[in-house]
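Engineer: Here's a sequence, model it:
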Amino acid sequence: MATYALAASAEMLYLDLPFLDRVHRIAERGLQVEIWDWSTKDIDALAASGAEFSSMTGYLEGDLTEPDGIEALLTTAQQSLDVAKRLDCPRLNLHGTGLDNRGLPVRPVETVTPAMWLTAAGTLRKIAELGEQAGRVFTLENLNLAVDHPGTPFATAADTLALVQAVDSPHLRMNLDLYHAQIGEGNLIELVRKALPYIGEIQVADVPGRCEPGTGEIHYPAVGAALRDIGYTGVVGLEGWAKNDSDDALDAFEAAFGRP
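Structural biologist: Numbering: from 1, shown residues only. Next up is the predicted model:
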């Protein structure tokens with residue numbers, strides 16, 4: 001039996017349905033629900049849906065290193081916290097920089113300098129303070145540079161882990177996305193073991209294609225077994241497309257990780 005909870009992204013499943021219906025379909029299966037940009041959603045309807053929300057995007061714009069970007073990030077992070085309270089959503093997700101609607105960095109970075117590392121850590125300390133005041137957790141997600149997010153600073157799992165360790169606050173954790181990590185770094189089970197004290201949530205999809213477990217090269221049943229073995233008690237979220245049918249995709253996800 002799983003020691004962790006399961007969630008699924010309403011942004012990537014049941015795409016033929018209105019968004020609120022997607023939320024209901026996922027919740028009806030007993031899964032928590034993940035959402036992205038809250039500014040495009042009917043928050044009142046989501047709050048009344050009865051769904052348990054696992055995570056949501058924790059900013060609308062901004063970045064970790066530029067003065068105007070830091071100001072925008074902190075401002076929209078506070079706005080996101082207000083929405084998270086309405087949805088009773090415990091985790092708010094961040095990236096190394098703002099992304100456009102194609103997932104590309106608004107401000108691509110070729111080289112991350114030591115000064116940028118120090119500034120990013122300082123910005124994230126302020127983010128953690130906002131989370132502490134609100135009783136919420138911000139999570140910093142790793143991304144891959146080779147396929148989906150070229151030019152994103154602080155993108156790898158090693159980068160996000162280093163920043164979260166540097167801040168060392170329970171209100172800033174990693175959103176460890178194993179799809180991205182497989183493309184960029186691999187060695188997933190050892191990565192999970194190393195990062196365990198700093199993980200706020202784990203997201204999964206198979207490689208290549210970013211679809212459900214069993215459609216690619218990652219042996220997710222072994223990952224699930226490792227999570228149980230090390231005592232992970234957080235959330236594992238399917239952030240992937242359905243290769244064919246969304247119900248089948250969630251069946252495969254649950255088969256790989258086991259129902260809690």
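
Engineer: Which helix or strand contains the most centrally placed residue in the chain?
Structural biologist: Against the mean C-alpha coordinate of the chain, by CA atoms, centre = their mean, the closest residue is N175 at 4.6 Å. Element membership for N175, per DSSP states H and E: strand 172-177.

Engineer: packing partners for that strand?
Structural biologist: Strand 172-177 sits against strand 91-94, helix 114-134, strand 137-141, helix 157-167, helix 188-195, strand 199-204, with contacts defined as 3 or more CB pairs under 8 Å, 6 or more residues apart in numbering; DSSP states H and E. (Each C-beta comes from the backbone N, C-alpha and C, glycine too.)

Engineer: between that strand and strand 137-141, how big is the angle?
Structural biologist: For strand 172-177 against strand 137-141, the angle by axes from the mean of the first three to the mean of the last three CA atoms, to 10 degrees is 40 degrees.

Engineer: In CSV, could you pull the C-alpha coordinates for strand 172-177?
Structural biologist: Extracted in CSV, the C-alpha atoms of strand 172-177 (Å, rounded to 0.1, in the frame of the first residue of the first chain):
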residue,chain,number,x,y,z
LEU,A,172,10.3,26.4,0.5
ARG,A,173,10.6,22.8,-0.8
MET,A,174,11.3,21.1,-4.1
ASN,A,175,8.7,20.1,-6.6
LEU,A,176,10.7,17.2,-7.9
ASP,A,177,9.5,16.5,-11.5
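
Engineer: That strand: which residues count as buried?
Structural biologist: Buried residues in strand 172-177, counted by 16 or more other CB atoms under 10 Å: L172, R173, M174, N175, L176, D177.

Engineer: What number of residues are in the vicinity of L145?
Structural biologist: Using other CB atoms under 10 Å, L145 has 16 other residues around it.

Engineer: Would you mind confirming that it makes contact with A155?
Structural biologist: Yes: under the criterion of CB atoms under 8 Å, L145 makes contact with A155 at 5.4 Å.

Engineer: anything in contact with each of the two?
Structural biologist: G184 (CB atoms under 8 Å, 6 or more residues apart in numbering).

Engineer: Might you report the residue contacts of T65?
Structural biologist: T97, M116, T119, A120, T123, P153.

Engineer: What separation is there between it and E141?
Structural biologist: Distance, T65 to E141, by CB to CB, to the nearest Å: 17 Å.

Engineer: How about V236?
Structural biologist: From V236 to E141 the distance is 14 Å (CB to CB).

Engineer: tell me the helices in the chain, going along the chain?
Structural biologist: 19-28, 43-47, 67-87, 114-134, 157-167, 178-184, 188-195, 220-230, 246-257 (DSSP state H).

Engineer: Could you pull up the residues touching the residue nearest to the centre of the chain?
Structural biologist: S55, R91, N93, T139, L140, E141, N142, T160, G200, E201, I202, Q203.

Engineer: Which strand residues bridge it?
Structural biologist: With DSSP bridges as the criterion, N175 is bridged to E141, E201.
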